[in-house]
Structure formats: C-alpha cells, structure tokens
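# Following is a predicted model, sequence given first.
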Amino acid sequence: MNRREFLYSGAAAAASATRSMDARAYGSILGANDRVGLGVIGLGRRGSIVTGAFLGDPRIQIRALCDVYDKQTADFQQRFKDHTAGAEVAVEYQKLLDSKDVDALLVSTPDHLHVEIATATLGANKHTYLEKPTLHRWYERDALVKAAAQSKAILQCGMQQRSGAHYMQAKQEIFDAHKLGHVVFARAVWHNFPWQRRDIPELSQPPGLRWDLFLGPAPKVPYETSRYSSWRSYHDYGNGLLADILTHWADVAQWMQGDSDPLSATALGGDFELRGDLTNPDTVSAIVRYKDWNLNFESTVLSVRDPQPTVFFEGTEGTLDLTREGYTLTPNDGEPVQVTATQSLEAAHTRNFIDAIVKGDKLNAPLAAGIAASVPVMMALDSYWSQRICTELAGNEDKHNS
C-alpha cells in the first residue's frame, strides 16, 4: 500500500466513523432540562483549563474525577470546590466507565495514554472529549477508528480553533472566496513555554502517586521527578513541540487550504539550551510539503519573544495573519481588514461538544479532523528522528515510534 492509498484508507475509515457517530448522537439526546454528567480523567493543567470551559455551560455537572496522583486530585477539587462536591473520585480510569451518572468524559492525560483511554471510554459508550494530539503513535489509529465506529458515543478532538467564529469566517469569506489568490506559504510560529524551561530537582516518588498507572503502555522505568512533572520533554510520553503546537497550526493550515494530504515533511532541531536526559527537542523547525504549497513551522520552548502566535498565509493576491485573537487581511490592492475575536475558543469548543450530545449538532472537530491533523505531525516526527525526508507513514514502526 503506497502513502496516498494508506492515508486515504485512514481518512475514509475515520470519516465513516464520524458520520456514524453524528447520526447516533440523535439517538442519545438528553431531555432539554437534563444535565450532562461529566467525568474528568487527568486533572492537571489542561484538564483544569478545559474543565473551566465546560463549567461555563449550565448543562454540565461534574460527577467523577480521576487522576493517578492524589495531590493533583485534591488541588483540582479545591480549584473547583463549588462544582466537585459529591463527585466520585478514582485513581484507575476504568472505575468511571460503568458509572450511570457519567454521560461524557474529558480525557486530558499525558499523550501516551490518550488512545488507550479513549478506546475504553468509547467502548463504554461514553461521549468523549479527547485532548490533542489525537494520536501519540501512528499505529494507534486503527484501534481508535474501530472503537469510534463501534461506539454509540461521539468523539470530539480538542482542536478548539475549529469552533472559533473568526476562524470559520476566515475560511468562508477569505479562503473559499480565494481572496488571497494562490497561497504558497503558511508560516506557523509559536514560542515561549515557561513551564517546560525548568531545572527540576530530583525528589523521592510521592507516596500518593501511582507511577505504574502513569507509565501505562510506555516502557517500565524507575520513577524520576522530571519524567512525571515535565513529561512533555520525553518522547515516551509526548512528542514535544511537534505534537503540542504543530498539531494546532497544521490543522488550521490544512482546514483553511482545504488540503490535508501532505506529500513530504522534514524537521530539524535539538536541545539548544535545555540539558539532561530530556529526549524531545527544545527547538524545532519543520517544512511540510503539499501539492502546491508549503507549511513552514518554527517553535521553541525557550524565551524567544513571540507576542502573538500565528499562522501567516502568503498568497499571490495578499496575506492573512491569523491568530487566536483575530486576523488581519492585507490584500495587494486595497486597505487591510482587521477582525478581533472576543469569544473563548475553549468555551466555544466544549459548547459544541455538549450541543452534539444534547441536540445532535454536528461536531466541529470529529475523529477525521483529529487524524488528518496527526498526519503532518507524524511525518515531521519521522523525519526528525530518522534524519531524513519523510514521504511515507506506513513503514514508520521503528524504534523511535515504538
């Protein structure tokens, strides 16, 4: 099977699963005055941010919490003390799957646990909001697609730009109307992540941390403080900037361009400042080639000034600077047009998920979108670790992706 056939088969399977899930949503409609019982698996930084967005909707009630570290659970309960009283608490996520009080689950764990948990939540017919990246390894795709196709529940991928009104406006009014002419470059930049720039003293394993559950399917290694508290820096648990950031910006670029079929990718980078046994680079550049345009990506966790992370589109008839805060359209002939966004993307995206459950609305970021956004990421990762240009994904099951 060649690259194009391989990617097409995956996209077709995901699209089929998405159509089935959207249809089944209508059969799972709650009463108009009913609340959606939410369970949260993974109570750290992202779990807290997305939970806060969920709680902006009065239809949500938190009914279950799960984390492998008791202190993180306690901190989460204190942070949302007005909403977590009476919620079931578990260390093992499997205990939430049989709860009749839980209608939906937010999966906001480290990346290497995403597919294992999401396949289980879908298998239990729990509506699932899966934080990005959708995949940690490409070979996980088939299991997730199969679980989604067989489930009575829906799956929303955590790519919140998909629910942004100004992103939808840009797609419809600029790209669909071809106001930029032929777009040949999409330049994606995002820097400066202070929570990943830490010197972490080695401490003893906290007694309330289930290290075995944190490791999950990853290689079994002794506890290290940095592996837990800075897991994004380790290839076993996350794919670093190429997953954390490129997933978002590749999704935006592919969506706007109407092209999710990358032909090749190359990525270079390294640890330019961070030291130790961290395995993911602190700085990376990647170029993803499509049929008639390039996605150029740059990102570093270091304190390089980056006041406004952006995807900057360059076309023969103008440019578009597209950010989470709005956009500036600058035609070659005419005055610039500025649009300012005022909505919370997190709130809009969680509301779309709830509307899909309650009213049967169409999901903005179904599984097909999550897998499509994973393709350029996986190709760039393959290139980075193999030190070659990647044109195929079917054969990337080697040691750096195992």
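Okay, I see it.
# mind listing the strands in the chain by residue range?
According to DSSP state E, the chain carries its strands in the segments 36-41, 60-66, 88-90, 104-107, 127-131, 155-158, 183-191, 264-270, 283-289, 294-300, 310-315, 318-323, 326-331, 337-340.
# so which of the ones you listed gets nearest residue 165?
Nearest to residue 165 among these is strand 337-340; the distance by CB to CB comes to 9.5 Å. (C-beta placed from N, C-alpha, C; glycine too.)
# okay, now the closest residue to residue 361 other than its chain neighbours: neighbour count?
In this structure, residue 361 finds its nearest non-sequential neighbour in residue 355, 4.0 Å apart by CB to CB, 6 or more residues apart in numbering. Neighbouring residues of residue 355 were enumerated by other CB atoms under 10 Å; the total is 17.
# Residue 288 now?
For residue 288, the tally of surrounding residues (other CB under 10 Å) stands at 28.
# same check, this time on residue 66
Around residue 66 there are 25 residues (other CB under 10 Å).
# go on, the one 4 residues further on?
Per other CB under 10 Å, the neighbour tally for residue 70 reads 15.
# which residues touch the closest residue to residue 117 other than its chain neighbours?
With CB to CB, 6+ apart as the criterion, residue 117 has its nearest non-adjacent residue at 5.2 Å, and that residue is residue 107. Residue 107 is in contact with 41, 42, 113, 114, 117, 118, 121, 128, 129, 130, 131, counting by CB atoms under 8 Å, 6 or more residues apart in numbering.
# For residue 150, see how far away the fourth one is.
Computed as CB to CB, to the nearest Å, the residue 114 to residue 150 distance reads 18 Å.
# more neighbours, the two?
Counted by other CB under 10 Å, residue 114 and residue 150 do not tie: residue 114 has more neighbours, with 26 against 13.
# With residue 106 as the reference, measure out to that one.
Distance from residue 114 to residue 106, by CB to CB: 12 Å.
# Mutual contacts of those two, please.
residue 131.
# sorry, back to before: so for residue 372, which of the strands of the chain sits nearest?
Comparing the strands of the chain by CB to CB, strand 155-158 comes nearest, at 9.8 Å.
# Mean confidence (pLDDT) on that closest one, please.
Mean pLDDT, computed over strand 155-158, is 98.
# With stretch 306-314 instead?
According to the model, stretch 306-314 has a mean pLDDT of 91.
# And stretch 46-63, what's buried?
46-48, 50-55, 57, 59-63 (16 or more other CB atoms under 10 Å).
# so can I have a markdown table of the strands of the chain showing distance to residue 198?
Below are the strands of the chain laid out as a markdown table (distance: least, CB to CB, whole Å):
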| stretch | distance to residue 198 |
| --- | --- |
| strand 36-41 | 25 |
| strand 60-66 | 26 |
| strand 88-90 | 29 |
| strand 104-107 | 25 |
| strand 127-131 | 22 |
| strand 155-158 | 24 |
| strand 183-191 | 16 |
| strand 264-270 | 19 |
| strand 283-289 | 16 |
| strand 294-300 | 15 |
| strand 310-315 | 26 |
| strand 318-323 | 27 |
| strand 326-331 | 32 |
| strand 337-340 | 34 |
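# Roughly how far does residue 220 sit from residue 213?
From residue 220 to residue 213 the distance is 12 Å (CB to CB).
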